[in-house]
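K.L.:
Sequence plus predicted model, see below.
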Amino acid sequence: MSVSEIWHLVISFLTTVATPGWRQNQVIIILVLMALCWMFHRVCGNTLDRWVRSREGWSKWQLRLIVQIKRRMGLILFAVLSFAVYAVMQQVTWPSRSHLIGVASNLAAVWVGIAFAAQMVSNRPLRRIVTWALWIWATLHFLSVSGVVAAFLDDLALEVGDFRISVLGVITAIAVIGALLALARITSKTTAARIRSNEDISPSMQVLAVKGVQVVFYGCAFFLGVKAVGIDLTGLAVLSGAIGVGLGFGLQKVVSNLVSGVIILLDKSIKPGDVISLGETFGWINALGARYVSVVTRDGKEYLIPNEDLITGQVVNWSHSNEYVRLDIFFGTSYGCDPHQVRKLAIEAAADVERVLSHPKLPVCHIVGFGDSSVDYILRFWIRDPTGGLTNIRGNVYLALWDTFQAHDISIPFPQREVRVLNEEIVVAGTDATG
């Protein structure tokens with residue numbers, strides 16, 4: 001059907017509506033019902049809002065359901081009233097005299113159902129696109145013009161040789177691929193949740209398995225959707241190969257990071273929760289991505305480190321093979337203090353600090369040298385939670401040493417210098433001795 005024929009049908013319908021008769025009466029009844037429902041929505045919407053706010057202890061899904069009902073209260077009421085009017089008119093007059101009211105009632109009910117069903121889509125812009133697309137399709141279907149519109153969209157096509165693509169084909173492909181991708185997303189999320197809940201699988205293998213499941217499901221959804229709409233992919237093989245080679249050279253770093261990410265997941269050198277040091281960055285692994293690793297530091301900063309840097313550079317993993325971490329602190333005491341007592345007191349002070357392990361790895365203290373003004377010691381102790389911080393535990397151990405040494409009269413020396421003036425008569429250049 002051409003555009004002129006569609007326009008002629010629209011003009012004919014508007015002409016019949018403008019002519020007095022039962023079709024005009026049905027349109028008037030529909031408009032009156034719409035006005036009544038709109039006024040009811042404006043009056044009762046605020047009342048419902050106040051009533052909901054006065055409720056306590058309701059769950060989130062109940063509150064969200066009330067919000068959706070409040071937003072579409074007028075449409076819900078219109079569906080109910082129009083169906084009631086349609087049922088009454090079917091009994092008291094000819095069925096044809098209430099046909100438009102029945103169509104309006106069905107449309108309103110379907111629109112309400114679509115609006116509630118679309119809430120399953122979490123992304124707000126995508127949810128609006130899905131809602132409007134389904135509303136348009138339902139309207140065309142109930143008005144019995146879906147075939148005419150489909151034929152019209154199919155005529156709007158681009159033809160190059162044997163290749164033909166129409167607007168209808170593009171819309172169908174988007175709808176089918178979108179539905180399959182949504183199904184793949186739901187399935188992959190469910191599968192990923194089960195994989196993450198399995199404690200027998202290591203964290204790195206969990207990430208690798210989740211990524212593999214997502215690639216498989218999304219890839220299958222895309223290719224099945226393309227096949228379902230009748231698009232032949234063999235003709236695009238040469239073109240896709242050329243594009244792939246060009247992208248390979250242009251995206252060399254991206255591909256390198258992707259491959260490095262797979263290697264990291266396979267060799268389990270780094271996994272979520274590990275504490276690492278890379279250059280001046282110290283923190284724990286928050287997440288492993290396809291292109292980067294998220295490292296969160298103690299000051300709340302989150303560094304996105306490319307996977308290639310973790311493969312080619314030197315990385316200190318504080319918790320790779322086990323969770324124990326040894327820390328060293330240095331201090332000195334005066335030569336008048338008994339070194340045997342100093343070592344004993346230092347070990348006892350460190351053992352009393354929270355987070356310092358006393359089993360199976362005990363703190364130890366050794367003399368490392370005789371300095372200019374002090375006997376130098378090293379105190380070594382172990383912790384098993386480096387994510388709790390290193391500087392703070394060192395500071396607590398230093399504070400415990402200070403308190404213990406003060407209680408036992410152990411002195412901590414500091415460099416001192418004496419200045420002696422050998423000649424008390426200093427002659428300043430340009431002045432005599434008397435000034």
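P.N.:
That came through fine.

K.L.:
hang on, residue 362 in a strand?
P.N.:
No: looking at residue 362 with DSSP: H, G, I helix; E, B strand; the rest coil, it is coil, so not inside a strand.

K.L.:
How about the contacts made by it?
P.N.:
The contact partners of residue 362, taken as Cβ atoms under 8 Å, 6 or more residues apart in numbering, are 347, 351. Every residue, glycine included, has its C-beta placed from N, CA and C.

K.L.:
So what does it have for phi and psi?
P.N.:
Note on residue 362: its backbone torsions stand at phi -90, psi 150 [degrees, to the nearest 10].

K.L.:
ranges for the strands of the stretch 251-400 of the chain?
P.N.:
For the stretch 251-400 of the chain, applying DSSP state E, counting those that start in this stretch gives strands covering 275-278, 281-288, 292-297, 302-306, 316-317, 325-333, 364-370, 375-383.

K.L.:
right, so of these, which gets closest to residue 345?
P.N.:
Residue 345 lies closest to strand 364-370 among these, at 8.9 Å (Cβ to Cβ).

K.L.:
Flag every buried residue along that closest one.
P.N.:
residue 365 (16 or more other Cβ atoms under 10 Å).

K.L.:
Pairing partners for it, with directions?
P.N.:
strand 375-383 (antiparallel) (DSSP bridges).

K.L.:
In the strand it pairs with, which residues are buried?
P.N.:
375, 377, 379, 380, 381, 382, 383.

K.L.:
Over to stretch 31-50?
P.N.:
Quick answer for stretch 31-50 (16+ other Cβ under 10 Å): 33, 34, 37, 41.

K.L.:
Please pull out the lowest mean pLDDT helix or strand from the protein.
P.N.:
When each helix and strand of the chain is scored by mean pLDDT, DSSP states H and E, helix 237-250 comes last, with a mean of 59.

K.L.:
Could you dump the buried residues of stretch 31-50 into a markdown table and include distance to residue 131, secondary structure and pLDDT?
P.N.:
As requested, the buried residues of stretch 31-50 are arranged in a markdown table below (distance: Cβ to Cβ, whole Å; DSSP: H, G, I helix; E, B strand; the rest coil; pLDDT from 0 to 100):
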| residue | distance to residue 131 | secondary structure | pLDDT |
| --- | --- | --- | --- |
| 33 | 23 | helix | 84 |
| 34 | 20 | helix | 82 |
| 37 | 20 | helix | 82 |
| 41 | 19 | helix | 75 |
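
K.L.:
Compute the distance between residue 219 and residue 188, please.
P.N.:
Per Cβ to Cβ, to the nearest Å, residue 219 is found 11 Å from residue 188.

K.L.:
more crowded one of these two?
P.N.:
Taking neighbours as other Cβ atoms under 10 Å, residue 219 and residue 188 compare with residue 188 leading, 19 against 11.

K.L.:
quick one: contacts for that one?
P.N.:
Per Cβ under 8 Å, 6+ apart, neighbours of residue 188: 210, 213, 214, 217, 218.

K.L.:
The third one contacts residue 195, correct?
P.N.:
No: if you go by Cβ atoms under 8 Å, residue 214 and residue 195 don't touch, sitting 10.9 Å apart.

K.L.:
what bits of the stretch 1-150 of the chain have low per-residue confidence?
P.N.:
1-22, 45-46, 48-65, 67, 121-123, 143-146, 148 (pLDDT under 70).

K.L.:
could you pull out the helices for it?
P.N.:
Using DSSP state H, counting those that start in this stretch, the helices found in the stretch 1-150 of the chain span residues 3-18, 22-53, 60-71, 73-92, 99-117, 124-142, 146-155.

K.L.:
what's in contact with the fifth one?
P.N.:
Contacts with helix 99-117, where a contact means Cβ under 8 Å, 6+ apart, come from 23, 26-27, 29-30, 68, 72, 75-76, 78-79, 82-83, 85-86, 89-90, 131, 134-135, 138-139, 142-143.

K.L.:
so how far is that helix off the chain centroid?
P.N.:
Centroid separation for helix 99-117 versus its chain: 36 Å, with Cα atoms, centre = their mean, to the nearest Å.

K.L.:
Keeping just the C-alphas, turn it into PDB.
P.N.:
Output of helix 99-117 as PDB, limited to C-alpha atoms (Å, rounded to 0.1, in the frame of the first residue of the first chain):
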ATOM      1  CA  HIS A  99     -16.500  -1.900  18.500                       C
ATOM      2  CA  LEU A 100     -14.200   1.100  19.000                       C
ATOM      3  CA  ILE A 101     -14.800   1.000  22.700                       C
ATOM      4  CA  GLY A 102     -13.700  -2.600  22.800                       C
ATOM      5  CA  VAL A 103     -10.600  -1.900  20.800                       C
ATOM      6  CA  ALA A 104      -9.800   1.000  23.200                       C
ATOM      7  CA  SER A 105     -10.300  -1.300  26.200                       C
ATOM      8  CA  ASN A 106      -8.100  -4.000  24.800                       C
ATOM      9  CA  LEU A 107      -5.400  -1.500  23.900                       C
ATOM     10  CA  ALA A 108      -5.500   0.100  27.400                       C
ATOM     11  CA  ALA A 109      -5.200  -3.300  29.100                       C
ATOM     12  CA  VAL A 110      -2.300  -4.400  26.800                       C
ATOM     13  CA  TRP A 111      -0.500  -1.100  27.500                       C
ATOM     14  CA  VAL A 112      -0.800  -1.600  31.200                       C
ATOM     15  CA  GLY A 113       0.600  -5.100  30.900                       C
ATOM     16  CA  ILE A 114       3.500  -3.900  28.700                       C
ATOM     17  CA  ALA A 115       4.300  -1.100  31.200                       C
ATOM     18  CA  PHE A 116       4.600  -3.500  34.100                       C
ATOM     19  CA  ALA A 117       6.400  -6.200  32.100                       C
END
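
K.L.:
Any buried residues in that helix, and which?
P.N.:
Buried-residue list, helix 99-117, by 16+ other Cβ under 10 Å: 99-112, 114-115.

K.L.:
Alright, that wraps it up for me.
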